[in-house]
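Student: My questions are about this predicted structure, shown below with the sequence.
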Amino acid sequence: MSQIALELESDSKDSVRYADGMEMTPLEQCFDDLASEARELYLDTAVPVLSHTPSPVEFYRQYVSSNKPVVLSDFSTQWPALRKWSHDYLSNFELNFWYNSGKTPDAVNLWIGDGRAVTSMHRDHYENLYCVISGSKTFTLIPPTDLPFVPYENYPAARYRQIGDEFIIEEDKETGIVPWIPIDPLKPDLKNYPEYSRCQTVEVTVHAGQVLYLPSMWFHHVQQSHGCIAVNLWYDMEFDIKYTYYKFLEKLVQLARRS
Ligand SMILES: O=C(O)CCC(=O)C(=O)O
């Protein structure tokens, strides 16, 4: 939509140069249009923070179905119960949002770490309810429609092994090579990955007593304060028409990168 207005000159019928100087093939122009239309039609420029607890219908319609992140602030009164760490409590805590749907989480994870612990940019096919219990977590988010601008490289899989007081990194030959995102959003290497500059990142800090709903397929990079404790619930996403479009986009991006 708006990108068309930015068009400055056509060097040939196969490529167009935009106002920011970047030249694109017709397929890349389609990716750019997808990202800008998503911004115009559905994405927020910041993650909204709700002070009320939405009803299950409101939450599902406005955030889960729409694939839009949101921070819920109204949970601090429930933290004393959370401190009991009981499975019953956590199952309850699944939050009435997914109640009636019969859904149970695929995983309940506990995250404890200090300021040095950083999770690199990646994405999951889970609907993620991320509850911060103490400290804070800062998420840098990228919407799924920006996939064409997110670089991937192939890396050998590896795991940490403890030997005495030391940790060594050991190659995991069984898993082999895995594609992973080489970009640190805090210090992006735009020389090697100039296309990343087209991503529109959104940063949100989630404080103790707040819950972030992180929709499936959103890229996320996570930093935390010292002594942060958090619990999150992963629910498998719906493998519906949205999922098939995501996979279609992935295949198109792979084709574009090969050519
Ligand atoms: O808390 C973190 O550091 C990572 C969380 C995460 O990546 C996830 O829940 O998918």
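Tutor: Received the coordinates, thanks.

Student: from here on, contacts and neighbour counts on C-alpha atoms
Tutor: Will do.

Student: Around the ligand, pick out the residues from the stretch 1-150 of the chain.
Tutor: 111, 118-119 (CA under 6 Å from any ligand atom).

Student: ok, so of these, who is nearest the ligand?
Tutor: Using CA to the nearest ligand atom, residue 119 is the member of these that sits closest to the ligand, with 4.7 Å.

Student: Give the buried residues for whichever strand or helix holds residue 139.
Tutor: Remark: residue 139 resides in strand 136-142, with elements defined by DSSP states H and E. With burial defined by 16 or more other CA atoms under 10 Å, the residues of strand 136-142 counted as buried are 136-142.

Student: With stretch 190-204 instead?
Tutor: For stretch 190-204, the neighbour count (16+ other CA under 10 Å) marks 196, 199-201, 203-204 as buried.

Student: From the chain's centroid, how far away is that stretch?
Tutor: Per CA atoms, centre = their mean, to the nearest Å, the displacement of stretch 190-204 from the mean C-alpha position of its chain is 14 Å.

Student: hang on, the earlier thing: what comes into contact with the strand holding residue 139?
Tutor: Here strand 136-142 makes contact (CA atoms under 8 Å, 6 or more residues apart in numbering) with 185, 199-208, 218-225, 228.

Student: could you flag which of those are buried?
Tutor: So, by 16+ other CA under 10 Å, the buried ones in the contacts of strand 136-142 are 185, 199-201, 203-208, 218-225, 228.

Student: what's the pLDDT at residue 57?
Tutor: Note on residue 57: pLDDT of 88.

Student: Could you export the buried residues of stretch 190-204 as TSV, including distance to residue 258 and pLDDT?
Tutor: Shown next, in TSV, are the buried residues of stretch 190-204 (distance: CA to CA, whole Å; pLDDT from 0 to 100):
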residue	distance to residue 258	pLDDT
196	18	97
199	21	97
200	24	96
201	26	97
203	31	98
204	34	98
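
Student: Out of those residues, which is nearest to residue 213?
Tutor: The closest of the buried residues of stretch 190-204 to residue 213 turns out to be residue 204 (CA to CA; 11.3 Å).

Student: the strands in the stretch 101-250 of the chain, which residues?
Tutor: Under the criterion DSSP state E, counting those that start in this stretch, the stretch 101-250 of the chain contains strands at 107-113, 119-122, 126-134, 136-142, 153-156, 158-163, 166-171, 177-180, 202-207, 211-214, 219-224, 228-236.

Student: which one of the ones you listed is the most hemmed in?
Tutor: Of all these, strand 211-214 carries the top mean neighbour count, a mean of 25, counting by mean count of other CA atoms under 10 Å.

Student: is that strand up against the ligand anywhere?
Tutor: No: counting by CA under 6 Å from any ligand atom, the ligand has no neighbours in strand 211-214; the shortest distance is 8.5 Å.

Student: Looking at the strands of the stretch 101-250 of the chain, which is nearest to residue 259?
Tutor: That would be strand 153-156 among the strands of the stretch 101-250 of the chain, by CA to CA, at 16.3 Å.
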